[in-house]
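1. okay, sequence plus prediction incoming.
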Amino acid sequence: MPSTRSGWLLGFCLAAGWGCYTQTAAAQASAVHPTQWAAELRAFARQDSLTPPPTKPILFYGSSSIRKWESLRQDFPGRAVLNRGFGGSRFPDALYYFDTLVVAHQPRQVVLYEGDNDIGSGATAQEVFQSFRAFEQLMQQRLPKVPLVFLAIKPSPARWALYPQVQEANHLIREYIQQHPKYLRYVDTATPLLGANGRPQPQFYVADSLHMTPAGYRIWTRVVGKALKK
């Protein structure tokens, strides 16, 4: 595995033919230490040894909003879903563990939720968009023709001051996906969590005002289910 995130990501972008990371983004990326998730990766390996994962699953990948979706299998009965959300991951983590947690399962579809913690840690909307581009390029290289579904970065009371950046990142990613619809799909998992006053509805969030309640996941189940492969 790469020894530093910034060098790997910058190298990836150059190899892909576009300079996607500024010095600021590289610094932000290098501040992430993927080895902090080693215990979670060991837990995945143990889980898979005890209960083999489904063949060619719909793989849910990303940060704690995916990790905490504990009812995922019950919410999508009849579909071979696999949860590979981990920690409070950011895009650099998702890129770092792409082969280990995504490619290894040869998914039929990937559902991605990232960007929330990136913005929470100071990344700009443009940097999150470029991180999405890096992830999409990795999909094209390692899993060609596998559809990628991006779940919009959600609003939350705890990070409400950052919602303008969230909206901008979502807008950039949505526009790109609309221009490249063949293997990409954008699902609006953000605005259904807002009330008539335009603010996050409290019943959808647990005490930390960041993560979701079962009611919040029921909203996600409804909107995400329409995008899943049979």
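-> Everything's here; your move. For clarity, every value in this text was computed on a predicted model and none was experimentally measured.
2. hey, let's count contacts and neighbours off CA atoms from now on
-> OK.
3. do a quick rundown of the helices in the protein.
-> 5-16, 23-30, 38-50, 64-67, 72-75, 91-96, 98-101, 116-120, 125-142, 163-179, 214-225 (DSSP state H).
4. from the chain's centroid, how far away is the last one?
-> Distance of helix 214-225 from its chain centroid, counting by CA atoms, centre = their mean, to the nearest Å, is 16 Å.
5. please begin residue numbering at 13 from this point
-> That works, and once the first residue is 13, the last one we named lands at helix 226-237.
6. for the protein, give me the ranges with low pLDDT.
-> For the chain, applying pLDDT under 70 flags the ranges 13-44.
7. related to what we said a few turns ago, quick one: closest of the helices of the chain to P204.
-> Closest to P204 of the helices of the chain, according to CA to CA: helix 226-237, at 7.1 Å.
8. and that closest one, what's buried?
-> For helix 226-237, the buried set under the neighbour-count rule, 16 or more other CA atoms under 10 Å, comprises 226, 228-229, 232-233, 235-236.
9. closest to G207 among those?
-> G207 lies nearest to G228 out of those, by CA to CA, at 12.5 Å.
10. residue contacts, the closest one?
-> By CA atoms under 8 Å, 6 or more residues apart in numbering, the contact list for G228 reads 205, 215-217.
11. any chance of the residues you listed in a markdown table, plus distance to V161 and neighbour count?
-> Listed next are these as a markdown table, based on distance: CA to CA, whole Å; neighbours: other CA atoms under 10 Å:
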| residue | distance to V161 | neighbour count |
| --- | --- | --- |
| L205 | 19 | 24 |
| Q215 | 26 | 13 |
| F216 | 22 | 20 |
| Y217 | 23 | 21 |
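12. which of the residues you listed sits closest to F98?
-> When the contacts of G228 are compared for distance to F98 (CA to CA), Y217 wins out at 19.2 Å.
13. find the nearest non-adjacent residue to that closest one, please.
-> M224 (4.3 Å; CA to CA, 6 or more residues apart in numbering).
14. roughly how far does W172 sit from D128?
-> 12 Å (CA to CA, to the nearest Å).
15. can I get the buried residues of helix 226-237 in CSV including distance to F144?
-> As requested, those are exported to CSV (distance: CA to CA, whole Å):
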residue, distance to F144
P226, 27
G228, 24
Y229, 23
W232, 21
T233, 23
V235, 21
V236, 19
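16. got the contact list for the spatially most central residue of the chain?
-> Nearest to the geometric centre of the chain sits Y125, at 2.3 Å (CA atoms, centre = their mean). The contact partners of Y125, by CA under 8 Å, 6+ apart, come to 72-75, 77-78, 162-165.
17. change it to 10 Å
-> Residues in contact with Y125, defined by CA atoms under 10 Å, 6 or more residues apart in numbering, are 72-78, 97, 101-103, 106, 161-166, 201.
18. kindly report the same for L206.
-> So L206 contacts 166-168, 212-214, 216 (CA under 10 Å, 6+ apart).
19. now, which of the contacts of G228 sits nearest V178?
-> Nearest to V178, judged by CA to CA, of the contacts of G228 is L205 at 13.8 Å.
20. distance of that closest one from E187?
-> Taken as CA to CA, the span from L205 to E187 is 21 Å.
21. ditto for T47
-> 33 Å.
22. neighbours of P156, how many?
-> P156 has 11 neighbouring residues, counting by other CA atoms under 10 Å.
23. hang on, K241 packs against R197?
-> No. If you go by CA atoms under 10 Å, K241 and R197 don't touch, sitting 11.6 Å apart.
24. so between the two, which is more surrounded?
-> More crowded of K241 and R197, by other CA under 10 Å: R197, with 20 against 12.
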